[in-house]
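[1] Turn this into a model:
(one chain, ligands or ions: 1)
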Amino acid sequence: MSSRYDECSLKHMSSLMGTRQQKAAEDGERGLIGPPSGDVLHQDAPPTRFVYVLAFFSALGGFLFGYDTGVVSGAMLLLKREMSLSALWQELLVSSTVGAAALSALSGGSLNGRLGRRVCILVASCIFSVGGIVLSVAPDKVVLLVGRIIVGLGIGIASMTVPVYIAEVSPPHLRGQLVTINSLFITGGQFIASVVDGAFSYLRRDGWRYMLGLSVVPAVVQFIGFIFLPESPRWLLQKGRTQEARQVLSRIRGDQSIEEEYDTIRTSIEEEATEASGGGLVVWRILSYAPTRRALIVGCGLQMFQQLSGINTVMYYSATILQMAGVRDVKRAIWLAAATSATNFVFTLVGVWLVERVGRRKLTLGSLLGTALSLALLAIGFLLSAQNSPPVTLHPVDAQNSTCRLYGSCEGCMLDPNCGFCYRENGSTLYNSSCVPVNAASTDQAAWGRCSNQTEAAHSPAWAYNYCPTSYSWVVLLGLILYLAFFAPGMGTMPWTVNSEIYPLWARSTGNACSAGVNWICNVLVSLTFLHVAEFLTYYGAFFLYTGLAVLGLLFVLGCLPETQGLQLEDIENLFTGPLCSCGALSPRGRRHVHYIRNGSDPGPERYGAMDSDGAITYITVSTTGKCQVLAACASLTLFYILVPAAQITMTDASVCTSHLILMICHVCFHLKQ
Ligand SMILES: O[C@H]1[C@H](O)[C@@H](O)[C@H](O)[C@@H](O)[C@H]1O
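    Numbers count the residues shown, from 1 in each chain. Below you'll find the predicted structure:
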């Protein structure tokens, strides 16, 4: 295996040279010294519209993922009234979907490998349609539960298949953007769900049927679309359906020549076939082979930290945060959730715009840093609110002897899920405040007393459940906005994008199944434990905990996430042949794409050129056929690189040199091996 990987280093190196290598050989020196012609930059040629059509129809799976996970909160407000749902049933209806998604994502890997991406997407859209119909006609809570589980099964399959499909049909320079569109559709689905929730919440009866049932529309559109859309060419090639693969690839790439891409995929699959012939469970083969094991650690780690940085808690808790910030009308809560998902959506759009400009690694690092800081701000906001929590000044007789009468301030009262804070306000001064039991049927009012019959009238006392009125709420609000602004473009999107590209074809379905499973499991864990963690550690403690987890995530990404931008899928595997934590050593720096061109016949001098995306070329001639000369060239480059600071060479030149250095080292290894 090791010799294969020394070769791989070269393969990687020459693939970095990529599509230019062959062209440059044909064009002689022109490729090295002339400005980049449209031909030479074949890789960056404009994509056909068809690839966008494919991305759109498959990302409808992401839309359904977002819609079905988002719509339930609004539907629940109506359902619990109409069906008199207990807290346990509410919990079941929400988490059954996420639990089913975890199971189907984990088991979807083999389905994906066996039946193909297209069939899996068709199956998922069928499941979504059936689930939507069951939910909209459900006569009772048991059928509702069945519907929610069916929908969860669809979400799991879609969440692991769609990014893989988009990655496999996209040209390398657009892959990041197109896969990230799937994340945009997820947050778009969450946003539309909250708007639909708001719109149908005015219906006195059966509003929830429309909310839950509307998902059938995009599911049917996706199903019909995918009847006419092709299978992934990579999967077809893997299954030996070469003719079909060639046809699909040329259909997707339009006028562009597909020969190089086709050959690279085929060669890579042939190599994989030899290597993967060991048999046994794919997951076992992934774990026992170092590069795929490292990729799996990176993929699962990213998904785990996405959830551990608390996105779904922040989304879930946003209405309360906004209430704390001064929006007191409880009926508006449903629209406030829409504002939060709109913010999440808008900032995901920023991610789509940034991913091919700054690269995956920088985007994730920047996002996590901002996420950690905003979580700390949220925690500080909650801490200040707790320290300035208004005291309980009225102690009404509590016939039920509830725990609520024990609290001396609002902080303890709001952390107890059975109690709420009832108070009067005069400007910024609170008075006549009490802690009383909450109404079990509706947390919008107290079980008895002044706050048990909430009206909009100005003179009626105010009721705060789950939050405390405080003058520091603006800190929390600022934290919430900053959190979404930083999280959405990077941590919200990159775990899905990076996972779709880091595994070799034989491990791709299983790798994505495992990492999507980790995402869903951590999602359940965080959502289910949040209230208990908050009760135990208080809100600020909980948010400091998430800050710590985000910092751990930052260290993980800093150490282990390589840059995959611009590389062909078949080359990305080679980024994991080195140690797990290389601190992104191979990442191209800055906004520049450095393309390598090797030119020369064997035996004879070889010339290496580095051409960045602006067309600037730096080139080096290596008159070598032997190891010593290569070593000498390498040493002189090293010297050059060491002299960079002294010579005040720009960062761009320095990054070109770094890349050269890596290239040379790869080359030396290859020569020595021979
Ligand atoms: O990438 C998505 C996105 O960030 C969503 O807003 C979130 O609810 C999901 O859990 C996550 O996987």
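[2] ok and the residue in the stretch 451-600 of the chain nearest the ligand?
    For the stretch 451-600 of the chain and the ligand, the shortest gap (CB to the nearest ligand atom) falls at G492, measuring 3.3 Å. Just so you know, the C-beta spots here come from the backbone N, C-alpha and C atoms, and that holds for glycine as well.
[3] distance of that residue from R357?
    17 Å (CB to CB, to the nearest Å).
[4] Compare neighbour counts for the two and give me the winner.
    Neighbours were counted for G492 and for R357 using other CB atoms under 10 Å; G492 has more, 26 against 12.
[5] Regarding the chain, what is its longest helix?
    Identified as the longest helix of the chain according to DSSP state H is helix 505-560.
[6] I figured P437 was touching C451, is that so?
    No: between P437 and C451 there is no contact, the gap being 10.3 Å when judged by CB atoms under 8 Å.
[7] Who has more neighbours out of those two?
    Remark: of P437 and C451, C451 carries more neighbours, 24 against 20, as counted by other CB under 10 Å.
[8] Now the more buried one: phi and psi?
    In terms of degrees, to the nearest 10, the main-chain angles of C451 are phi -100, psi 10.
[9] Quick check: it touching Q445?
    Yes: here C451 reaches Q445: they are 5.9 Å apart, a contact under CB under 8 Å.
[10] what's the overlap in contacts for the two?
    Here C451 and Q445 have W463 as joint contacts, going by CB atoms under 8 Å, 6 or more residues apart in numbering.
[11] if we can go back for a sec, intersection of neighbour lists for P437 and C451?
    G420.
[12] got the contact list for L296?
    Here L296 is in contact with 286-287, 503, 507, 511, 514-515 (CB under 8 Å, 6+ apart).
[13] Among those, name the buried ones.
    286, 503, 507, 511, 514-515 (16 or more other CB atoms under 10 Å).
[14] Could you take these and lay them out as JSON lines, with extra columns for pLDDT and distance to the ligand?
    Conversion of the buried ones among the contacts of L296 to JSON lines gives the following (pLDDT from 0 to 100; distance: CB to the nearest ligand atom, whole Å):
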{"residue": "I286", "pLDDT": "93", "distance to the ligand": "22"}
{"residue": "Y503", "pLDDT": "94", "distance to the ligand": "19"}
{"residue": "A507", "pLDDT": "93", "distance to the ligand": "22"}
{"residue": "G511", "pLDDT": "95", "distance to the ligand": "17"}
{"residue": "C514", "pLDDT": "96", "distance to the ligand": "15"}
{"residue": "S515", "pLDDT": "97", "distance to the ligand": "11"}
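[15] Identify the residues contacting L144.
    Shown in contact with L144 (CB under 8 Å, 6+ apart): 79, 83, 93, 135, 138.
[16] meant to ask about N439, not that
    So N439 contacts 445-447, 452 (CB under 8 Å, 6+ apart).
[17] cool, and A399?
    So A399 contacts nothing (CB under 8 Å, 6+ apart).
[18] Give me the pLDDT value at it.
    A399 carries a pLDDT score of 80 in this model.
[19] residue boundaries of the strands in this protein?
    Assignment of strands within the chain using DSSP state E yields the ranges 419-426, 429-437, 462-464, 594-599, 606-612, 617-622.
[20] Okay, now the unreliable bits of the protein?
    Scanning the chain for pLDDT under 70 picks out 1-47, 274-280, 323-334, 455-458, 583-674.
[21] That one against the ligand: which residues are in contact?
    Taking CB under 6 Å from any ligand atom as the contact definition, the chain meets the ligand at 183, 186-187, 190, 306, 311-312, 344, 492, 519, 523.
[22] Could you rerun that using 8 Å?
    66, 69-70, 159, 183, 186-187, 190, 303, 306-307, 311-312, 315, 341, 344, 348, 487-488, 491-493, 495-496, 519, 523 (CB under 8 Å from any ligand atom).
[23] mind listing what the most centrally placed residue in the chain touches?
    For the chain, T493 is the residue whose C-alpha lies nearest the centre (CA atoms, centre = their mean; 3.1 Å). With contact taken as CB under 8 Å, 6+ apart, T493 is in contact with 180, 183-184, 348, 351-352, 355.
[24] What does it show for phi and psi?
    phi -110, psi -40.
[25] Quick check: closest non-adjacent residue to it.
    S183 (3.8 Å; CB to CB, 6 or more residues apart in numbering).
[26] Make sure the one you found is actually in contact with F347.
    No: checked against CB under 8 Å, the pair S183 and F347 is beyond contact range at 10.9 Å.
[27] For the two, indicate the residue with more neighbours.
    S183 (27 against 22).
[28] picking that back up, who touches both of S183 and F347?
    Applying CB under 8 Å, 6+ apart, one finds that S183 and F347 are jointly contacted by G492.
[29] and L394, backbone torsions?
    phi -110, psi 140.
[30] Isn't it up against S433?
    Yes: using CB under 8 Å, L394 makes contact with S433 at a distance of 6.3 Å.
[31] So for those two, which residue has more residues nearby?
    S433 (23 against 16).
[32] W235 and R241, how far apart?
    Separation of W235 from R241 (CB to CB): 9 Å.
[33] out of those two, which sits in the busier spot?
    Between W235 and R241, counted using other CB under 10 Å, the more crowded position is W235 (24 against 16).
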